[in-house]
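Engineer: give me the fold of what follows.
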Amino acid sequence: MIKNTDFESYPYRYIQSKSPNSDDACDKIRLYRFKSLKTKKIYIVRVEEYPNNTFVPKFFLKDHSSSSRKYKLLTHTKEPRKIIQTCMNIMFDILADNKFASFAFVGARSENEEQSVFGSKRWRVYSILMKTYISDEKFIHLDIKEINGYVVLNKNQYEIDNQLKEKIELMFKERIDIFELY
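Structural biologist: You can find the predicted model right below:
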């Protein structure tokens, strides 16, 4: 996985790392922010760290930060690729600090979106972008469609722990009630 300088992404900045609240199931949280140059709206990227060097990036509009539905709300800004590519560049920075990092996503269904055998609309976009920009040479791509999950499994970590795939899938399934919130 090499940082793609052709990405049309926004500049972002690291805000802070913090311990999770009692409601959070993760071990650590990293916060980033960026501003869309197109809409002038500010986005928050919350990267949750779980066992086995698994990182789950999530993003939302700062305007939606007090909403319990912040991950489900649509922005209607017509720039998902640039927003997701900004999140991917944050992933590349995490990978530069942790060569064993794997990444996982939950493509939350929109408010009125029905569950589909093809996954949620967000899941389809995330999976296409991950398959396009993240190398099979260094990562294993996994679908967990029942929760609209997608995992980019780090082969460096997998060589050390060949049960990693099962551990990450189990983590998702054990926390399905938490991930369904997003």
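
Engineer: helix or strand for the most centrally placed residue in the chain, which one?
Structural biologist: For the chain, the residue whose C-alpha lies nearest the mean C-alpha position (CA atoms, centre = their mean) is Pro57; its distance is 3.1 Å. Per DSSP states H and E: Pro57 is located in strand 54-61.

Engineer: who does the longest helix along the chain touch, helix- and strand-wise?
Structural biologist: With secondary structure taken from DSSP state H, the chain has its longest helix at helix 80-97. Taking 3 or more CB pairs under 8 Å, 6 or more residues apart in numbering; DSSP states H and E as contact, the helices and strands that helix 80-97 lies on are strand 12-18, strand 28-35, strand 42-50, strand 54-61, helix 121-133. Glycine gets a C-beta too; all of them are placed from N, C-alpha and C.

Engineer: same list (the ones you listed) but as CSV, adding mean pLDDT and distance to Leu74.
Structural biologist: Converted to CSV, the helices and strands packed on helix 80-97 look like this (pLDDT from 0 to 100; distance: least, CB to CB, whole Å):
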stretch, mean pLDDT, distance to Leu74
strand 12-18, 95, 21
strand 28-35, 96, 18
strand 42-50, 95, 13
strand 54-61, 92, 10
helix 121-133, 83, 9
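
Engineer: mind putting those in CSV, distance to Ser67 included?
Structural biologist: Rendered in CSV, the data for these read as follows (distance: least, CB to CB, whole Å):
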stretch, distance to Ser67
strand 12-18, 19
strand 28-35, 17
strand 42-50, 12
strand 54-61, 8
helix 121-133, 17
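
Engineer: out of the ones you listed, which gets nearest to Ala101?
Structural biologist: Shortest distance between Ala101 and the helices and strands packed on helix 80-97, using CB to CB, is found for strand 54-61: 5.6 Å.

Engineer: ok, now which ones touch the residue of the chain most remote from its centre?
Structural biologist: Note on the chain: the largest separation between a C-alpha and the mean C-alpha position, by CA atoms, centre = their mean, falls on Ile160 (23.4 Å). By CB atoms under 8 Å, 6 or more residues apart in numbering, the residues touching Ile160 are Phe100.
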